[in-house]
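Undergrad: How does the following fold in three dimensions:
(2 chains)
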Amino acid sequence: MATERRAEITWQGDLMGGSGTIDAVGSGAVGPLDVTWASRAETPEGRTSPEELIAAAHASCFSMALAHGLAQAGTPPERLKSSAEVTFVPGTGITKSVLTVRGSVPGLDDAGFREAAENAKENCPVSLALKGNVELSVDAQLEG
Amino acid sequence: MPRVQRTATAAWEGNVARGTGQLSTESGVLREAPFSLPARIGNESGKTNPEELLGAAHAGCLAMSLANQLAQAGTPPERLEVRATVVLDEVNGSHRIVASHVEIQGRVPDSDDASFRRAVEEADEGCTFSALIRASAEVTVEAQLSSERVGAAG
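TA: Coordinates of the predicted model:
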């Protein structure tokens, strides 16, 4: 069954001088969030940008796919800490998303963890949507 | 222009069905925002999910791109309301993002329907996120000029 997820933004004024607010997302978990061109292309100054939200979507999608893969292999994780760093080149577009994950997974060795992370990087829905246009990589290590 | 990097961090505990995560972004606008699988595929229950964050990214990207097109045409917008709905579905046994539907309402002094639609088409072409997602999913954009005027209420 298809699921639909929604977000709304209001923008006022032109690109350089104007500003926007992501008023609402369907879940109500996030927002209102301020957005400006400067926060996107220069320093964030406490405001978000489309690329940061893509990074958040990718990090959360990857975490779920990895938790799923590990549990299916009989080694569910105690804890996964993932990050996604998305590169935006103004005028060119979104070029790269670098995933990093540190995990605590009882009963699994480094090679098994790296393989599971690689698989989650290839197959989580956000990766599938970005793949082909955006370079994807993952650095995975077990901790303590 | 210099390249820009944006980072978000997700912490996850437990398996996918019953575990939960917390999501934070570098700018600080998200601080340990909760997300979970039920929030993603079932009831939303105050937790976020990757698809609504992509919706927020798409709406933000298109709003900025359209503000730019309209200003370049000499008709900067007073107000744009952009809503993006991202659809996740199962295709051949795997979950895929299959569509993003965008609806736009604009209050743009001195623009008319034809020039507004043209600006929307150009904005869609210029929005990096539209280009990305269109490679693997359907993107639709519906746009309408709002006739509402500031101060004309009541």
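Undergrad: From the centroid of chain A, which residue is nearest?
TA: Centroid-nearest residue in chain A, with C-alpha atoms, centre = their mean: A:His58, separated by 2.2 Å.
Undergrad: pull the longest helix from chain A.
TA: Under DSSP state H, the helix in chain A containing the largest number of residues is helix A:50-72.
Undergrad: Pass me the low-pLDDT residue ranges in chain A, would you?
TA: Flagging of chain A using pLDDT under 70 yields the residue ranges A:1, A:144.
Undergrad: change it to 80
TA: Flagging of chain A using pLDDT under 80 yields the residue ranges A:1-3, A:24, A:29-31, A:144.
Undergrad: And for the helix or strand of chain B with the lowest mean pLDDT, what's in contact with it?
TA: Considering only helices and strands, the least confidently modelled element of chain B by mean pLDDT, DSSP states H and E is helix B:37-41, at a mean of 79. Contacts of helix B:37-41 from elsewhere in the structure, counted by C-beta atoms under 8 Å, 6 or more residues apart in numbering or on different chains, are A:3, A:27, A:29, A:64, B:16-17, B:19, B:45-51, B:88. C-beta here means a position set from N, CA and C on the backbone, and glycine is covered the same way.
Undergrad: Could you do stretch A:101-113 as well?
TA: Judged by C-beta under 8 Å, 6+ apart, the contacts made with stretch A:101-113 from elsewhere in the structure are A:62-63, A:66, A:70, A:73-83, A:116-117, A:138-144.
Undergrad: Out of those, which sit inside strands?
TA: In strands, defined here by DSSP state E, the members of the contacts of stretch A:101-113 are A:79-83, A:138-142.
Undergrad: Any of the residues you listed buried? List them.
TA: By the neighbour-count criterion of 16 or more other C-beta atoms under 10 Å in any protein chain shown, the ones in strands among the contacts of stretch A:101-113 include these buried positions: A:80-83, A:138, A:140, A:142.
Undergrad: Quick check: the two most widely separated of those residues?
TA: Comparing all pairs in these by C-beta to C-beta, the longest separation belongs to A:Ser83 and A:Leu142, at 16.1 Å.
Undergrad: returning to what we had before: buried among the contacts of helix B:37-41? Make that a PyMOL selection.
TA: Command for PyMOL that selects the buried part of the contacts of helix B:37-41, burial taken from 16+ other C-beta under 10 Å:
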select buried, (chain A and resi 3+27+29+64) or (chain B and resi 16+19+47+48+49+50+51+88)
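Undergrad: Which one of the contacts of helix B:37-41 is nearest to A:Gly93?
TA: Closest to A:Gly93, out of all of the contacts of helix B:37-41 and judged by C-beta to C-beta, is B:Pro50, at 19.8 Å.
Undergrad: my read: the closest one touches A:Ala65, true?
TA: No - at 9.8 Å, B:Pro50 and A:Ala65 do not qualify as touching, with contact defined as C-beta atoms under 8 Å.
Undergrad: Got the domain ranges for chain B?
TA: By the record's domain assignment, chain B is partitioned as B:8-41, B:50-145 (automatic domain parsing).
Undergrad: go on, chain A?
TA: By the record's domain assignment, chain A is partitioned as A:7-41, A:50-142 (automatic domain parsing).
Undergrad: With that, I have no additional questions.
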